[in-house]
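**Q** output the structure for:
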Amino acid sequence: MRVLALLTAAFPLWVLLASAIALYHPPSFTWFSGPFITIGLGVIMLSMGMTLGVDDFKRIARHRRLVVPGVVLQYTVMPALGWSLGYLYDLPTEFAVGLVLVSSCPGGTASNVISFLAKADVALSVTMTAFSTLLAVAMTPTLTALLAGSRVDVPAAGLLLSTVQVVILPVVLGVSLNRYAPRLTRAVLPVAPLVAVATIVLIVASIIGAGKQEILEAGVRLLFAVFTLHLGGFGLGYAAGRLLLSEERAARTVSIEVGMQNSGLGVVLARQNFASPLVAIPCAISSVCHSLIGSLAAAFWRRTRECP
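**A** Numbers count the residues shown, from 1 in each chain. Coordinates of the predicted model:
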């Protein structure tokens, strides 16, 4: 179990290593494409659903004061940053739309790992991720259409259907398995986080490998735009968390949840609903950037005084 935990905690390292290999030799990862990506994300969402039960949803109701501000920030700060940075960095239309799309996605499961490493509130992190994921079925298509609709035709209905298919259905299935097949769930859960990490790494590396030429041509501008998006999310999330919640652990958790998106969902939605494959590239780079920032933040927070 300890080995599994260590391999899971090294998630940012695997993402960086796989991304570097994908840029050097794309065929190493581009085989993981098409339906593999959609199925992979479904497996991740299923794993997340299996960690949830009725008590988790009761906790959302009991701790609204902690949960709601973070989720609201997730769907206001990040989309606003994504839209603004697309213009600030003068990104090509496809990249700007991809930046808006990923910034409008819910929190990712990797945030739960980073929250553990940062000595934040893991239970709150899981609850916020679950809540923002459930809201994604409406918020992600709506925000993308609202903010990017002036730059490109955004298929809001398609985004809505895709979100239901790759997020809501697997999560509901996972929750059902947790409730009605607890023995199976207990057997699977120990390896589920590592499976999720491996799947995210494959998705990210596949997209980066497939978009190698475009990434190299966009270069520093695109990388800085995505990096600034997540750095801003972490910073503003922490500041707002301290201001609204006045608790260090909660502020750390909000920072991580706001700063880290479900980039895999962004990749799948981009691939299924936009004609240009370039829309998916900011989503793939996003996973590398938020993993790196999250890991550095976790390392810093682990060395600071314990949360009260």
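**Q** where does pLDDT dip in the stretch 51-200 of the chain?
**A** 56-57, 59-61, 63, 109, 116, 150-154, 156 (pLDDT under 70).
**Q** no no, the stretch 201-308 of the chain
**A** 305-308.
**Q** could you redo the last one with a cut-off of 90?
**A** In the predicted model, the stretch 201-308 of the chain carries pLDDT under 90 at residues 201-221, 223, 241-242, 244-250, 261-281, 283-308.
**Q** for it, what spans make up the helices?
**A** 212-245, 248-259, 263-273, 281-303 (DSSP state H, counting those that start in this stretch).
**Q** turn these into TSV, including distance to Gly108 and mean neighbour count.
**A** The way it works is simple: take the backbone N, C-alpha and C, and place the C-beta from them, glycine included. Formatted as TSV, these follow (distance: least, CB to CB, whole Å; neighbours: other CB atoms under 10 Å):
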stretch	distance to Gly108	mean neighbour count
helix 212-245	11	18
helix 248-259	9	28
helix 263-273	6	27
helix 281-303	8	22
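**Q** how far off centre is stretch 42-57?
**A** Mean-position distance between stretch 42-57 and its chain equals 15 Å (CA atoms, centre = their mean, to the nearest Å).
**Q** pull out the buried positions in that stretch.
**A** 42-52, 56 (16 or more other CB atoms under 10 Å).
**Q** for that stretch, list the C-alpha coordinates in PDB.
**A** These are the backbone C-alpha positions of stretch 42-57, laid out as PDB (Å, rounded to 0.1, in the frame of the first residue of the first chain):
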ATOM      1  CA  GLY A  42     -14.800   7.600 -17.600                       C
ATOM      2  CA  VAL A  43     -12.600   5.300 -15.500                       C
ATOM      3  CA  ILE A  44     -11.300   8.200 -13.600                       C
ATOM      4  CA  MET A  45     -14.800   9.600 -12.900                       C
ATOM      5  CA  LEU A  46     -15.900   6.100 -11.900                       C
ATOM      6  CA  SER A  47     -13.100   5.800  -9.400                       C
ATOM      7  CA  MET A  48     -14.000   9.200  -8.000                       C
ATOM      8  CA  GLY A  49     -17.600   8.100  -7.700                       C
ATOM      9  CA  MET A  50     -16.600   5.000  -5.800                       C
ATOM     10  CA  THR A  51     -15.000   7.100  -3.100                       C
ATOM     11  CA  LEU A  52     -18.300   8.900  -2.400                       C
ATOM     12  CA  GLY A  53     -21.400   7.900  -0.400                       C
ATOM     13  CA  VAL A  54     -24.500   9.300   1.000                       C
ATOM     14  CA  ASP A  55     -22.600  10.700   3.900                       C
ATOM     15  CA  ASP A  56     -20.500  12.800   1.600                       C
ATOM     16  CA  PHE A  57     -23.500  14.600   0.200                       C
END
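**Q** how about residues contacting it?
**A** Applying CB atoms under 8 Å, 6 or more residues apart in numbering, the external contacts of stretch 42-57 come out as 109, 126-127, 129-130, 133, 165-167, 169-179, 185, 188-189, 192-193, 195-196, 199-200, 264.
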